[in-house]
Structure formats: C-alpha cells, structure tokens
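S.K.: here are the coordinates; sequence isn't available:
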C-alpha cells in the first residue's frame, strides 16, 4: 500500500479567529429578529467555539423558545455569518498559508474538519482564495457537522478513511478537539496559542510554523 500521510485541521482557534466578525453578524440578525436589547460578543462566541451549532444556539439564545423559534434565529445567524465572513474574513493566524505550502512540499496532505455549520469552511477558503477539493489543491478535502450531522470524532475518522490515509494527526486548540481525536484513534497536536487548554500531555505548537518540525515527530 502506498504511504499517504495527512494532517487534519480544526478551524477556530487553530487556523483563524473569526469571533469578532461572527459576533457582529449574529448581533445584526438578532436585532432584525425582534430582540433589539440582545447581542452576542466576541467573548460569547469564543466560549462556544468548537461546539455543534444546536448547542451553541441553546447557550446563546436562552431568551428564545426552544424549537422553531430558536431554530429560525440560529439558521438566520448561520446563513448570514457565512455571507459576512466570505466578504469580511477573520483574523488569519501568522504563517498559515506558507506553512501549509511547506507541509505539502514535504509530502503531507492537508484537510479540515470542524463542528461548524454547512458553508463555513467554504467562506474561510473563499475569502483567502485558498484552492480546495482536489488532490493538487492546498486543502484537499473538508468536512463538518453541518454537512452530515456527525460528531467530530466520526468526521475525523471519516476524513482519514475517505482519503485512504496510512497515517494522520489532528491539530486543534481545545479539550473537545483532543477528546474527539483520541476517540477517533489518531494522535493530536495542541495549538496552544488558541482558545483552550488540554488536560493531558500532548505535542504542542506555539506558532503555526512549528508544525514543520512537530508533524514529522508525530506521524513520521
């Protein structure tokens, strides 16, 4: 079997921070929906990053009735968020594109798996004009909770299997990223500059470019 090594990336807190613009876009839709005295902040968004969208809505919209009312507000926010981010972007962490290119030159394949809504990863890739979806592209494949409603561990495993990876690792920033990766049976690299801490000892990076050294140590 031909060796094929892949690096699967989380989004928020790992490759970028979109929390400020997500908060702005959500607050717009909350006001339009008839809640002018309600809003969400950058800190609110960061506190729920990495959770499935229905859990985020339950956390941030307690003033709505659970069911159709809350779902309608959630979907309005999700859809507008994608449009807003495609036009305005977020804060891209230093060295992302250059490091991905270097890792690809080293023979690694790049993927993204997130707990986000459908279209979110595409908004990120579109804003930065990052080619994706084909073997020759910088990012070869993407998957998210919003596409198939699978939990992150299932999507990590799916990504590795779908792309016939003989070795793979996941790069994320919060405890739930580690937990999902461990459940999926893959090694984990902690982006320590992100939004969270990990309760066990794992390989760490304090800047994205450190992956050039750390990935070979983790998966060869």
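M.R.: On my side now, so go ahead. Remember, it's a predicted structure, so these values are computed and weren't measured experimentally. Residues are numbered from 1 along each chain as shown.
S.K.: and residue 190, which of the three is it?
M.R.: At residue 190, secondary structure determined by DSSP: H, G, I helix; E, B strand; the rest coil is strand.
S.K.: next, residue 99: phi, psi?
M.R.: The phi and psi values for residue 99, taken as degrees, to the nearest 10, are phi -70, psi -40.
S.K.: cool, and the one 10 residues further on?
M.R.: Recorded main-chain torsions at residue 109 are phi -110, psi 140, according to degrees, to the nearest 10.
S.K.: please name the residues that touch it.
M.R.: Residue 109 sits next to 4-7, 135, 140, 163, 165 when contact means C-beta atoms under 8 Å, 6 or more residues apart in numbering. Heads up, the C-betas are built off the backbone N, CA and C, glycines and all.
S.K.: show me which of those are buried.
M.R.: Taking 16 or more other C-beta atoms under 10 Å as the criterion, what is buried in these is 5-7, 140, 163, 165.
S.K.: from these, which ones fall inside strands?
M.R.: Within these, residues falling in strands by DSSP state E are 5-7.
S.K.: quick one: the contacts of residue 109 as JSON lines, columns for pLDDT and distance to residue 215 too.
M.R.: Below are those laid out as JSON lines (pLDDT from 0 to 100; distance: C-beta to C-beta, whole Å):
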{"residue": "4", "pLDDT": "98", "distance to residue 215": "14"}
{"residue": "5", "pLDDT": "98", "distance to residue 215": "8"}
{"residue": "6", "pLDDT": "98", "distance to residue 215": "10"}
{"residue": "7", "pLDDT": "99", "distance to residue 215": "6"}
{"residue": "135", "pLDDT": "95", "distance to residue 215": "19"}
{"residue": "140", "pLDDT": "98", "distance to residue 215": "16"}
{"residue": "163", "pLDDT": "98", "distance to residue 215": "16"}
{"residue": "165", "pLDDT": "98", "distance to residue 215": "13"}
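S.K.: could you identify the most distant pair in these?
M.R.: Greatest spacing in the contacts of residue 109, by C-beta to C-beta: 7 and 135 (14.9 Å).
S.K.: and the strand or helix carrying residue 122, what's buried?
M.R.: Residue 122 is part of helix 120-127, with elements assigned from DSSP states H and E. Neighbour-count burial for helix 120-127 flags 120-127 (criterion: 16+ other C-beta under 10 Å).
S.K.: elements contacting it?
M.R.: helix 68-88, strand 109-114, strand 141-144 (3 or more C-beta pairs under 8 Å, 6 or more residues apart in numbering; DSSP states H and E).
S.K.: of the ones you listed, which is nearest residue 150?
M.R.: strand 141-144 (8.2 Å).
S.K.: contacts for the helix or strand just after that closest one?
M.R.: Downstream of strand 141-144, the first helix or strand assigned by DSSP H and E is helix 145-148. Residues from elsewhere that reach helix 145-148 (C-beta under 8 Å, 6+ apart): 52-53, 78, 114-120, 151-152, 155, 158.
S.K.: okay, these in CSV with pLDDT and distance to residue 97 next?
M.R.: What follows is these, written out as CSV (pLDDT from 0 to 100; distance: C-beta to C-beta, whole Å):
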residue, pLDDT, distance to residue 97
52, 84, 28
53, 86, 27
78, 92, 26
114, 96, 18
115, 93, 23
116, 92, 20
117, 92, 24
118, 94, 24
119, 96, 21
120, 96, 19
151, 94, 29
152, 96, 24
155, 98, 24
158, 98, 26
